[in-house]
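> Just need the structure, nothing else, for what follows:
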Amino acid sequence: MSSKSETVIRIHGAGLQIGREAISVSNDGATVLLDYGVLMTDRKPEFPERVTPSSINAVFLSHAHLDHSGGLPLLYLRGGPPIYTTTLTAKITTLLIEDMLNISRYYVPYEDLELREMLDHVHPITFNQKVHVKGIELEGINAGHIPGSLMAKVRTKNSTILFTGDFNTTDTRLLTGAKVDLSDVDVLIMESTYASTDHPERSQLERDFASKVKEVVEGGGIALVPAFAVGRSQEIVSVLRAQNYDGPIYLDGMAREAAKIMKGFPKYIRNYDEFTKVMKSVRLVKGNRERQRALQKPGVIVSPAGMLRGGAVMFYLEHIIKDHKNGIFLVSFQIPGTPGRVLLDTGKIAVEGKLIDASDMTYFYDFSAHSGRKELLDFVKQLKGGAKVILIHGEPETTKAFQDTLRGMGIDAVAANNGDSFTV
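Residues are numbered from 1 along each chain as shown. Presented below is the predicted three-dimensional model:
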């Protein structure tokens with residue numbers, strides 16, 4: 001049995017996998033839960049290791065993406081602990097979970113009632129704000145991942161822990177990169193999504209992307225950009241305008257709703273005046289009639305889903321796939337097994353039950369909202385000697401290889417598995 005002076009960290013989800021993130025930190029009779037997400041599969045959603053709501057004194061939600069937020073309503077079947085997150089994250093989480101319920105209601109073990117109960121327990125915080133939970137201090141720090149995203153500095157009676165959630169240290173059109181003081185950190189719980197990959201230099205990436213889009217549109221084609229609804233869609237629109245693409249841009253699906261929500265939170269946007277100017281220049285698509293209109297002439301259509309797994313983008317894909325002067329621009333990581341990954345790997349996409357070769361009209365640009373290998377290494381190098389690194393949220397091979405890299409640098413690193421516990 002642990003003494004009261006010890007802090008126990010337990011990995012409930014995201015160990016050697018990307019998805020269903022959940023970590024708890026306990027000290028002296030108090031427990032804080034960091035995220036509680038879901039892993040969306042073709043069969044049914046998979047949730048983290050079960051936690052008893054009455055054993056949790058507070059929840060910290062890093063950001064709205066379902067792999068971090070989608071399990072939270074399970075904790076609110078009868079009351080539940082307070083949730084600390086930004087108001088923007090709470091609003092976008094609602095949008096994403098409601099969509100998940102509409103798509104997968106048969107498989108999801110909670111309903112809208114539990115979502116509403118969860119939202120009733122939200123206690124809004126913002127950047128650099130501290131809250132206290134029975135002797136544990138939580139501080140929210142800009143994570144640079146999507147608008148409203150936070151890291152958590154967790155201070156217990158005997159240690160300081162930094163939980164990164166998903167984070168990006170590079171400035172983008174939409175966000176200021178994460179900057180945090182690691183000098184007092186004893187344990188770093190860090191994502192490893194891109195621990196084996198260096199991202200391309202951002203400004204060159206933007207120029208290359210915009211140049212190819214212009215080429216397709218000027219050639220009489222439609223540039224279809226499947227993109228994540230939250231963050232990526234709005235970033236892509238901002239990039240195109242910044243790179244002097246002045247043609248029509250259509251924004252559809254949840255990306256349209258997310259953009260409306262973001263406009264209400266200027267503090268979380270890097271250049272809010274520029275963002276609002278860009279959004280005014282975009283045509284928001286509402287319904288099939290406007291979708292048909294968007295297909296009538298050359299231009300750019302930005303629409304979820306980012307991995308071509310359903311969503312409004314499939315309507316457009318069925319039309320543009322017939323003419324190879326059009327282009328499909330993938331702008332995010334494609335999870336193995338998704339239609340987007342199949343398209344990248346084979347050049348083929350299933351449309352109306354038929355596999356169609358689209359290799360000559362498919363382009364990939366790595367607009368990541370995560371830190372790449374170089375940024376992760378630079379981040380870890382800021383730790384003081386003797387600090388421990390717990391790696392989560394990455395594919396097994398990637399995370400284990402990065403663990404070995406860090407150990408080779410003399411750093412106490414571990415690729416954590418689900419169910420692992422660590423005592424500090």
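
> What pLDDT is listed against M1?
For M1, the pLDDT comes out at 39.

> Domain map for this structure?
With domains defined by automatic domain parsing, the chain comprises 7-197+369-423, 202-364.

> First-to-last residue distance for the longest one?
The straight-line separation of the ends of domain 7-197+369-423 (Cα to Cα, to the nearest Å) is 6 Å.

> ok, back up a step: can you redo the domains of the chain as JSON lines with mean pLDDT and mean neighbour count?
In this view, the C-beta of every residue, glycine as well, is placed from N, C-alpha and C. As requested, these are exported to JSON lines (pLDDT from 0 to 100; neighbours: other Cβ atoms under 10 Å):
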{"stretch": "domain 7-197+369-423", "mean pLDDT": "96", "mean neighbour count": "20"}
{"stretch": "domain 202-364", "mean pLDDT": "95", "mean neighbour count": "18"}
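
> Okay, and A210 sits in which element?
Element membership for A210 (DSSP states H and E) is helix 202-218.

> now do I236
Element membership for I236 (DSSP H and E) is helix 232-242.

> CA atoms only: put that helix into CSV for me.
Provided in CSV are the C-alpha atoms of helix 232-242 (Å, rounded to 0.1, in the frame of the first residue of the first chain):
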residue,chain,number,x,y,z
ARG,A,232,-7.7,21.6,-39.4
SER,A,233,-10.5,22.9,-41.6
GLN,A,234,-10.2,26.4,-40.3
GLU,A,235,-6.4,26.3,-40.6
ILE,A,236,-6.5,25.2,-44.2
VAL,A,237,-8.8,28.0,-45.1
SER,A,238,-6.5,30.5,-43.4
VAL,A,239,-3.5,29.1,-45.2
LEU,A,240,-5.1,29.4,-48.6
ARG,A,241,-6.0,33.0,-48.0
ALA,A,242,-2.6,33.8,-46.6
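
> how close does the residue positioned nearest the centre of the chain sit to K212?
What sits nearest the mean C-alpha location of the chain, by Cα atoms, centre = their mean, is H65, with 4.9 Å. Look at H65 and K212: by Cβ to Cβ, to the nearest Å, they are 27 Å apart.

> just checking, E137 touches Q129?
No. E137 lies out of contact with Q129 (Cβ atoms under 8 Å); the separation is 11.0 Å.

> Next, the residue nearest to R202 when sequence neighbours are not counted: secondary structure please.
Nearest residue to R202, sequence neighbours excluded (Cβ to Cβ, 6 or more residues apart in numbering): T170, at 6.1 Å. Recorded secondary structure, T170: coil (DSSP: H, G, I helix; E, B strand; the rest coil).

> T170 and A387: what is the separation?
For T170 relative to A387 (Cβ to Cβ), the value is 23 Å.

> Could you do D404 as well?
18 Å.

> counting contacts, what elements does the helix holding I236 pack onto?
Judged by 3 or more Cβ pairs under 8 Å, 6 or more residues apart in numbering; DSSP states H and E, helix 232-242 is in contact with helix 202-218, strand 249-251, helix 254-262, helix 272-280, strand 299-303.

> can I get those in CSV with distance to P339?
Below are the helices and strands packed on helix 232-242 laid out as CSV (distance: least, Cβ to Cβ, whole Å):
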stretch, distance to P339
helix 202-218, 21
strand 249-251, 21
helix 254-262, 18
helix 272-280, 29
strand 299-303, 14
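
> Which among these is found nearest to V187?
helix 202-218 (30.2 Å; Cβ to Cβ).

> Okay, angle between whichever helix or strand comes after the closest one and strand 299-303 too, please.
Remark: after helix 202-218, the chain's next helix or strand is strand 222-226, criterion DSSP H and E. Calculated by axes from the mean of the first three to the mean of the last three Cα atoms, to 10 degrees, strand 222-226 forms an angle of 20 degrees with strand 299-303.

> and strand 222-226, how far from the chain's centre?
Chain-centre distance of strand 222-226: 21 Å, with Cα atoms, centre = their mean, to the nearest Å.

> circling back: nearest to A58, of the helices and strands packed on helix 232-242?
Closest among those, using Cβ to Cβ: helix 254-262, at 24.6 Å.

> Could you tell me the angle between the closest one and strand 222-226?
Going by the same axes, to 10 degrees, helix 254-262 makes 70 degrees with strand 222-226.

> ok and helix 254-262 relative to helix 232-242, angle-wise?
80 degrees.

> who does helix 254-262 touch, helix- and strand-wise?
helix 87-104, helix 232-242.

> what comes into contact with the first one?
Okay, so that is helix 87-104. 38, 40, 44-45, 61-66, 69-70, 72-73, 83, 85, 108, 111-112, 115, 119, 122, 124, 146-150, 229-230, 254, 257-258, 261-262, 264-265, 268, 310 (Cβ atoms under 8 Å, 6 or more residues apart in numbering).
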